[in-house]
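In: Build the 3D model from these lines:
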Amino acid sequence: MIKESIQRYLSGQACPALRLRAVLFDMDGVLFDSMPYHATAWAEVMNRHGLHFTRQEAFLHEGRTGASTINIAYNRQYGHDAPPELIEQIYAEKSAAFARFPEPRRMPGAAELLKKVQADGLTPVLVTGSGQRSLLDRLNHQYPGVFAPERMVTAFDVRHGKPDPEPYLMGLRKAGVAANEAIVVENAPIGVQAGHAAGIFTIAVNTGPLDGQVLLDAGADLLFPSMQALCDAWDNGLRPLLCPSKNGSQPLPGTIL
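Out: Predicted coordinates for the structure are as follows:
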């Protein structure tokens, strides 16, 4: 299945091979088990302001910037974007609601996968639609020394958030690699769309309540049921394709180099 997925990607990109040098990670739902808190906070605050918004919808819009999420709900109800001052107020209230929850735990398998990525000489890059300082500040605490500040793309860095490819294209630039020299690890449909639109081999991990087919339909090249499953597969199937030089073997045509 993995080889076939790689071949389909290469055929679609008219590219002879992937030469892996970097792994681009989303944050919420990939590194932190934080999405249930985000979903509850968004639903609470949006409905407080008279904007119908469910927890399920929060998972569907996961990865968007806060302003984009608010404008989707506001446009649906009023036919135009929310005033900037209201966007600022709603997002501040949402951030405060999120901060009341316990500190999100690391997603099981994420720390182990990051260690493997670094051990294989690959550059980890953070690409998140979040602008919440509380989570960004926890990165170095829970994943010390992994994500250098110059290897992070957040809501503060982009003009167009996911599903636009801009965040992942910026991630490529910050890593100093081409699209065929990276992979994306995402858990949200619009994040998968962004990675796919940027021309990057995109791995989806279904850590939320959505049907996995939603992630495949969004353009995921591979789907795993959890970060732990992806971490396990790194040893049991992915590494020989991602890093074939580790065992001295020659890469097969159309595999990841």
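In: Could you report the pLDDT at Leu252?
Out: pLDDT, Leu252: 38.
In: Leu257 now?
Out: 42.
In: do Pro104 as well
Out: Reading off the model, Pro104 has pLDDT 87.
In: Residue ranges in the stretch 151-257 of the chain under the pLDDT threshold?
Out: Low-confidence segments of the stretch 151-257 of the chain (pLDDT under 70): 240-257.
In: Just checking, which helix or strand succeeds the top helix by length along the chain along the chain?
Out: Using DSSP state H to define each element, the chain has its longest helix at helix 84-99. Counting by DSSP states H and E, the next helix or strand C-terminal to helix 84-99 is helix 110-119.
In: quick one: average pLDDT of the helix or strand harbouring Gly12?
Out: With elements taken from DSSP H and E, the one containing Gly12 is helix 2-13. What helix 2-13 shows for mean pLDDT is 90.
In: Enumerate the positions of that helix that are buried.
Out: 2, 5-6, 9-10 (16 or more other CB atoms under 10 Å). C-beta here means a position set from N, CA and C on the backbone, and glycine is covered the same way.
In: Please state the offset of it from the chain centre?
Out: 21 Å (CA atoms, centre = their mean, to the nearest Å).
In: Repeat that for stretch 98-105.
Out: 20 Å.
In: again with stretch 197-204
Out: Per CA atoms, centre = their mean, the centroid offset for stretch 197-204 relative to its chain is 10 Å.
In: From start to finish, how long is that stretch in a straight line?
Out: 14 Å (CA to CA, to the nearest Å).
In: For that stretch, give me every contacting residue.
Out: 6, 9, 13, 18, 24, 163-165, 168-169, 172, 179-180, 182-187, 192, 195-196, 212, 215-216, 218-224, 230, 256 (CB atoms under 8 Å, 6 or more residues apart in numbering).
In: As TSV, the buried residues of helix 2-13 with distance to Lys116 would be great.
Out: Shown next, in TSV, are those (distance: CB to CB, whole Å):
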residue	distance to Lys116
Ile2	16
Ser5	19
Ile6	19
Tyr9	21
Leu10	23
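In: and which of those is nearest Pro83?
Out: Tyr9 (42.5 Å; CB to CB).
In: can you pull the contacts of that closest one?
Out: 15, 18, 201, 221.
In: how much space between it and His196?
Out: 9 Å (CB to CB, to the nearest Å).
In: Leu216 too?
Out: 11 Å.
In: of these two, who's got more company?
Out: His196 (23 against 16; other CB atoms under 10 Å).
In: Am I right that the more buried one is in contact with Asp217?
Out: No. The pair His196 / Asp217 is not scored as a contact, 10.8 Å apart, by CB atoms under 8 Å.
In: which residue sits closest to Ala220, ignoring its sequence neighbours?
Out: Nearest residue to Ala220, sequence neighbours excluded (CB to CB, 6 or more residues apart in numbering): Ala204, at 3.6 Å.
In: Can you give me the buried ones in the host helix or strand of that neighbour?
Out: Element membership of Ala204, judged by DSSP H and E, is strand 201-205. Across strand 201-205, burial judged by 16+ other CB under 10 Å covers 201-205.
In: Equivalent analysis for stretch 87-107, please.
Out: 87, 90-91, 93-95, 97-98, 104, 106-107.
In: Cool, thanks, talk later.
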